[in-house]
Structure formats: C-alpha cells, structure tokens
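Peer 1: sequence and predicted structure are below.
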2 protein chains.
Amino acid sequence: MTIRTIIAATLALATSAQAAPDDRIAIAAKLRDTALASNPAWPLLVDLTDSVGQRLAGSEAEARGRAWAKAAMQKLGLVNIREEAFPITFWQRGQESARVLGSNHSLAITALGNSGATPAAGLTAPVACFDTLAALRAAPDAAVKGRIVFIDHRMTVTQDGSSYGINGGVRRAGPAVAAQKGAAAVMIRSLGTDHHRNPHTGSTSFPAGTPAIPAVALALPDAELVGRLCARGPVQVHLVSTPTSQPGQSANISGEIPGSVPGEIVVLGGHLDSWDIGQGVFDDGAGVAITLAAAATIKASGPQPRRTVRVVLWGSEEIGVVGGRAYGEAHKQENIVLAGESDFGADRVWRVESRVAATGLPLFSEIAAALAPLGVQPQPGNDSGGGADVGPLAALGSGVLELAQDGTRYFDYHHTPDDTLDKVDRAQLDQNVAAWTTAIWLAASDDRPLRTKP
Amino acid sequence: MTIRTIIAATLALATSAQAAPDDRIAIAAKLRDTALASNPAWPLLVDLTDSVGQRLAGSEAEARGRAWAKAAMQKLGLVNIREEAFPITFWQRGQESARVLGSNHSLAITALGNSGATPAAGLTAPVACFDTLAALRAAPDAAVKGRIVFIDHRMTVTQDGSSYGINGGVRRAGPAVAAQKGAAAVMIRSLGTDHHRNPHTGSTSFPAGTPAIPAVALALPDAELVGRLCARGPVQVHLVSTPTSQPGQSANISGEIPGSVPGEIVVLGGHLDSWDIGQGVFDDGAGVAITLAAAATIKASGPQPRRTVRVVLWGSEEIGVVGGRAYGEAHKQENIVLAGESDFGADRVWRVESRVAATGLPLFSEIAAALAPLGVQPQPGNDSGGGADVGPLAALGSGVLELAQDGTRYFDYHHTPDDTLDKVDRAQLDQNVAAWTTAIWLAASDDRPLRTKP
C-alpha cells in the first residue's frame, strides 16, 4: 500500500463516517493552515526558556514557571485560569563527581531522582560490573554486597520511543535490585542514544523497606570506558553524590476556551516541570508551548467550540507523575470526554492514536484525514496509552487522543544538559501546533460520545 | 575532471617522474595494504586512552603518557628511544562555574589555558556583549571597563580546518584585547561547531604588561542563551574560575628505525599532551597511535629504509607549542630532511601537501600516486605549513609532508569533554595509518634532496 493509497482510503473513511456539518472540516483545514503559517509556539518556547529556564519539580523555578503560564494564558485569551496545588517530595541534586582510582579518569555522572546520598566526602568501593539488569538480578548477593554496581544495559533508537519502555527497568528498578543485594551504590549506563558527555537523569524508586542508596547515570562514553576497564581488571571508583529530599509543593495550572454547550471538556497540555540539568525545552517546554499555541489558534481564529477546550499544564511529572495523579483525583467528577498530552519533544507528529468509545471512532477518522496533509498517519487499533499525565484521567474513563511525535533523536537529549533551545527544529514545532489545533478543534466542535466509561 | 581522470593523470606524472627503482613503489603498495588490513593503530589508541587517559602538559598524567610511549616504542621494535625534557609553565584548571544572576541559568564553561583567576568566591559583573572580536576592538574602554566581556564570534564548518585559523583570534587575542580595555573577565563563544553542552578550551595569551584576566569559553547553547539574554536587557553574571600557574616540566619522546645510510632523517609524529577535560583521543592520541603504527608497519613488514625514520611524540603542544620549539632548537644541527605531524583527529586523510626543494617534487608525485587508491588527492602548490610541532623544524629548512585529514567534524570534539574514544571511526583510522606508512616509506627509501634550506 502506498502512502497515497493510505491517504485516499483514510479520506474515503472520513467521508463515509462524517456526522458533523461540512464546515467543521473546512474550519479544521483553515485552522491547521493558520497554525502552520503563524508559528505561534516558538515565541512562547523562547520566552519560557529564557525568562524561566529549567523548572525542577518543587523548586522556586517551577513556581516561576507557573506564574509565566498564567500570564501566558491570560495574554492568549484563555479564561477560568486556575492553580491547583498538591504536596510532593522535593528531591534536589547535591554535589556530584566520580573518578576511577589509580587513574585520571573522571566520569560524567548525574544523580537519579529519588536516589540517596553518599557521605559528603564520598565513598570508595570496588565496582561490580553487569552487562544487563538481568545479569544483576541473577548475581548472588556476595558479588554485589558493599560494591558499586555498574549496569551497562543498552537501549537503542526507536521512532516510537518503545525502547524507553523496554529498557527503562535499568533506571527505574536497577538501583532497588542492587540495594536489596547490599550494594553500596549504583552506576547505570544512561538511558540514552547519544554519545556525548551528557549523562541522562530521571527518576528511580525504592520500595518501602529498601534503602535509598546513591544511584547515578554515566554518560555513554563514560559507561563505555568503565565497561572497557572492567574487562582489563578490577576497578575502584570514588563516588560523590549528595542529593536531599524534603517535603515540598507543586501545582497544576489550567485555562479554558468555554464551549457553547456546558458540561463537556476536552483537555490538552504538557508538563511545566523539567529536570534541572538542562533548560527543559524538549521535555517539556515544547509540549507547553505547542498546546498553548494550539488553544490560542482556536481562540483567535476559530468560532466558539461546542465543547470546552481546557489547557492543563501539569506540575511534577518527572518525579512520580504527581501532578497527573492529583489532577485525576481532583477532577474525577468532571465530564472530561477526551484528554491528550504533548510530551515527547518538538519533532514532528507522525501518528495519531486513540482510545475512545466506538461512537468516537468516526471522529478519529476525520482527524486522521485532516492531519494527512501534515504527514501524519493513523495508528490501527484503539488502545493508546496517552501521555503520563493523562493516564489517571484515562483510567477514570476519559477518551485519549495521542499525537505521537517522532522520537528518533528524542533520547539524545532527554533528561540531559543538552535539552536546550537550539535543538528545536522550528518547522517541526509548527507542524505539532497545526496537528493539535486541528485535532482539538475537530473533537471540541463535535458531539459524539468519546468516554470509555460513563 | 572526474576522480578517475585525476588519478590517471597523477599516475602518469608519477611514472614520468619516477627516479627510484620500481620495487620502492611496489613495496609502498604492499605496505599500504598491509597497514589497511592489520588495524595496528586501534589497540594502541585504546591502550593509551584507557591506561593513561588525558595528559595535560606538565601533569603527572603526561609523564605517564611518556612512559607508555617509550614502552610502546620498545615493543614495536623502535630503537634509540630518547626522552628530552624542557621547562614549561604548568597551567592547571581550578574550580569553574558561571550563572546568570536573577535566573536559574547556569552556564557550561571551561577556562582557557593561560587565563587568570577570579577570587575563590568568584566575581559578579554586568556583561558587555559583542557579536565579534572586531566589535570589541572598536568599543570604547568605558563600554568594557569593570565588565565581563562576552564575545559571540562564530566559526563555521570547513573540511580543511581553515575556519580555525580565520576565527581563532577570538580565543587567542580576545582576552588580551578585553584586558587592555579594563575588562574584569572574558567569556567567548567556544571555537567549535557542535551544539552540545561541551565548552571548548584552548590556549590564550597575554602580552607582557597585560594582566592575565579570567577567560572562559561557553558551550554553544550557552553562548546562544547569553546572546538572547543580551538582546532582552542587562545581564549580570557570577563567574568562578580559579586556575593556577607554576613552573613545570614536559618532554619529547622519540624512537627510530635506523636507515641504511646514516645522516638523513625523516620525522613523523603527534603530540602526547592533551587537554584535561576529555580523554585526548582526537587530539592527539590518534596522531600518536597513527604514526607509531605507521613506523611499526614499516619496521615489521618492509625492508630497512635508506633514511632513518624517527617517530617524535611532542610534549606540551597545547600550551604554547613548547615541545615543538624545544625540539627544533635541540635538533637544529641534525639533517632532518622531512617532517610531518598527524594532529587533526582520526578522520580520513583527503589531501597530501608538501613544502620541499624542487628536487623533492617528483617524490611527492610518487606519494600522491600511491595514496590515490586511498582517496587522497594532491594539493597544488608547494607551501604546506605542516603541523604546529613541525613548524620550528620547517623554519630551519626541513621539508614538510602534510597528510591533511578531513576536519568536517573535528571542531565538534576539539578541546572538549567529548574528545573520547567512541568518536573514532576505525576504518578512517586505518586509512590514516596506511597513508602515513606509504608516504614515509617512499620518502625514507628515496635519496632526492628535500630540504628547503641547507
């Protein structure tokens, strides 16, 4: 099947399934082209990046990000702007350094979120080297106890980001597995696909009763060095990592375009918090800017939608999806018919995915047809997970819209110092805005049921 | 003219100019193919990188690099192994950090070699922003005095590395120009072509009477941030950079394949020292490994050459080309007929260049013909500069052989933390060894005069 045939088939589907007046479709095309031509996300993303910078969950910077978001929503004409606070554990990085004893190799490291601390002066221990998390799991405690565990588990490049799920256990569970075997600390090969001296941070977790030991990620060149040194003979490392945890607070921000018929809400958004070691651009300043820009385009250039369009900018996604969970809990009585999050960088949307009631599938055919000129293809099936922050809403029955972005280079920058503004391809950023504008307009101007649970 | 025509023309030239017995040429082809097939540089480069690591001029690590080099030479069968010490100023990096006041932007910086220090607690000053070095030169002292000068001068990608010469003034002279106008410190956009959070170090210098002020390079994403912030309004930066200088020592290492006719020497080599923030692989572990491997291939697989082949591994190239100057001074009475340095990474040789007496030009036609199958083209003219360390020898009359490497990505890694082993393309590394083996064999088996001065 050629791309042309697929598009033709999709268009035919859309036409046969079309329930709404023709002008909804015509307006969608107009809004899509307006968004493409007017580049509305770029100035938002530049301003968020330069005036606020990174926005670690719980930090003063995240609070400034919220102030920025409310001001931006007001300027863009959104109303009912709300800030909804929730408590979090505020984890903060301390000093970090690592070196190989008996050499002058210093290692590029970054502590993992929720990890524990070494003494201020650091700790020194022999390194126990494992190629994979499975090899660590299989090792006897005696091979691990008192050592710094190194896990060299590798991920690969995938367009759909599936490698992150498949390989993510090394970061999410690896430190706890090592701690349960008595390890002094853990170093993992970063969950990343680049080869720069930029380690990839991210959260880990320790189940109740398991000590939160120091856990860091090595940049890929450094992981490869340690791997080679392990093959040469015994390796000892001196590690310093002194993060702290304390009670803290974060919040979700939302703003609306009220619908003409009250009682049905379409949610789109991104997360405001970011990791502290970059500028929080790909993750997730881009999602914030894209979804704000999409709502602003509908507000400025379209008629009033039938359903309320609500932009939600979640807090504290990076450490535990706390904002998404708090949002689901606080809004479980609301009739949120559809929700989607942009949280996979700033590269082009290549696929539209759904999880909606059968009555909503014709809407997704319309969306796919309207997005086809942007190079977006429909994903067969109807089981999209949606973004992390919409998970709790989806579990409560909201329909899911996913505009999947091309992740080919996402894990080159994800959670690293390299997540900076210069990585953004402006044409692809604009394509994202056009895709969200189109899909959200079509969903908000429609009346077909979408929820998977009442 | 197609590549095929060029090669044919070159071969014709070589044939008509050929003065030496046919077996020299046949042996060159055999040695070239042996070098290509046997990958001799890679294990040397891995071992130097992993067992020694970075080798800052004057450091204990550079001394370990010399011990490694002597052991390697001995193992490869070179003789007359010498270590020739010379004094240097031992410049060492201290603490370094920079942040933009009133924000949470921290900047990725690295101090420039020979730069001065801030107080231990750092200094805070308004930033005076200049797009180019020329703009700084043109500015009145009042616009600079007491400020941190930021110079955003940009270089571009060039295959032949010419952009480094054209734009290098920003690093070499910029800090002194700012100091003479009363600046408190200097930050330059790195002389680099990547967009990673890896600042590019390198030497600067201050003429007698000019104070050595703190001078640092910003990674390109950080320079772009500062440039954008300058456009928004006043910027203040808190800068910490506490390098120190003290008397120190470095040395050159050499080893030989003695020639059958004493009294004529062909020199090839690289520099042993490196910057401290990477692993010293592209700059210049590769040159060390390539030239050692080339000599080893001639020693192991060729007949005894007529001229002595001498591998020289210079010390302290990065800070002031001190090793190259000391070598020229110490060996000015010797009959070094030809000298060449491999010091531009590990990517393929694409051009052969010369500066020799007219009697030596037919030899270079032979070399070009023998290198053509490796994709190497001759450079018209006869005015090669050679590498930094051969400059002093060339000034004394030694002929120059330059095997110019492709520099397209060289300034992505040059003088950064990213100068690590994973950047090496092994096929291109092997091509370098083959080119050096071939060219040095042809020069060393020949008797035509090459020196430009008696």
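Peer 2: Structure received. Numbering: from 1, shown residues only, chains lettered A, B, ... in the order given.

Peer 1: got the residues of chain A near chain B?
Peer 2: A:46, A:50-54, A:59-61, A:103-105, A:108, A:195-198, A:220-221, A:224-225, A:228-229, A:232, A:278-279, A:416-418, A:420-423 (C-beta under 8 Å from any C-beta of the partner chain). Backbone N, C-alpha and C define where each C-beta goes, glycine included.

Peer 1: if we go to 7 Å?
Peer 2: With C-beta under 7 Å from any C-beta of the partner chain as the criterion, chain A meets chain B at residues A:50, A:53-54, A:61, A:103-105, A:108, A:195-198, A:221, A:224-225, A:228-229, A:232, A:417-418, A:420, A:422.

Peer 1: list buried members of these by neighbour count.
Peer 2: Using 16 or more other C-beta atoms under 10 Å in any protein chain shown as the burial test, those include A:50, A:53-54, A:61, A:103-105, A:108, A:195-198, A:221, A:224-225, A:229, A:417-418, A:420 as buried.

Peer 1: please report phi then psi for the residue of chain A positioned farthest from its centre.
Peer 2: Distance from the centre of chain A peaks at A:Gly102, with 40.1 Å (C-alpha atoms, centre = their mean). Main-chain torsions, A:Gly102, degrees, to the nearest 10: phi 70, psi 20.

Peer 1: can you tell me which residues contact the residue nearest to it when sequence neighbours are not counted?
Peer 2: Nearest residue to A:Gly102, sequence neighbours excluded (C-beta to C-beta, 6 or more residues apart in numbering or on different chains): A:Gln236, at 7.1 Å. A:Gln236 makes contacts with A:Leu101, A:Thr124, A:Ala125, A:Pro126, A:Val127, as judged by C-beta atoms under 7 Å, 6 or more residues apart in numbering or on different chains.

Peer 1: pull out the buried residues from the helix or strand where A:Ala28 lies.
Peer 2: For A:Ala28, the host element (DSSP states H and E) is helix A:22-38. By neighbour count with 16+ other C-beta under 10 Å, helix A:22-38 contains the buried residues A:Arg24, A:Ile25, A:Ile27, A:Ala28, A:Leu31, A:Arg32, A:Thr34, A:Ala35, A:Leu36, A:Ser38.

Peer 1: quick check: pLDDT value at the fourth one.
Peer 2: Put plainly, it is A:Ala28. A:Ala28 is assigned 97 on the pLDDT scale.

Peer 1: from what I can see it touches A:Ala444, true?
Peer 2: No: using C-beta atoms under 7 Å, A:Ala28 is not in contact with A:Ala444; the gap is 10.6 Å.

Peer 1: now do the same contact list for A:Asp406.
Peer 2: By C-beta under 7 Å, 6+ apart, the contact list for A:Asp406 reads A:Gln159, A:Asp347, A:Arg348, A:Trp350.

Peer 1: from A:Ala427, how far out is the second one?
Peer 2: Read that as A:Asp347. Computed as C-beta to C-beta, to the nearest Å, the A:Asp347 to A:Ala427 distance reads 10 Å.

Peer 1: neighbour count for these two, which is higher?
Peer 2: A:Asp347 (22 against 10; other C-beta atoms under 10 Å in any protein chain shown).

Peer 1: quick check: closest non-adjacent residue to the more buried one.
Peer 2: Closest to A:Asp347 by C-beta to C-beta, 6+ apart is A:Asp406, at 4.4 Å.

Peer 1: quick one, domains of chain A?
Peer 2: The record assigns chain A these domain ranges, following automatic domain parsing: A:3-91+A:247-444, A:94-242.

Peer 1: most neighbours per residue, which of those domains?
Peer 2: domain A:3-91+A:247-444 (a mean of 22; mean count of other C-beta atoms under 10 Å in any protein chain shown).

Peer 1: quick one, strands of the stretch 251-400 of chain A?
Peer 2: For the stretch 251-400 of chain A, strands defined by DSSP state E, counting those that start in this stretch occupy the ranges A:265-271, A:308-314, A:336-341, A:349-355, A:377-378, A:399-405.

Peer 1: any chance of the ones you listed in JSON lines, plus mean pLDDT?
Peer 2: Below are those laid out as JSON lines (pLDDT from 0 to 100):
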{"stretch": "strand A:265-271", "mean pLDDT": "98"}
{"stretch": "strand A:308-314", "mean pLDDT": "98"}
{"stretch": "strand A:336-341", "mean pLDDT": "98"}
{"stretch": "strand A:349-355", "mean pLDDT": "98"}
{"stretch": "strand A:377-378", "mean pLDDT": "96"}
{"stretch": "strand A:399-405", "mean pLDDT": "98"}
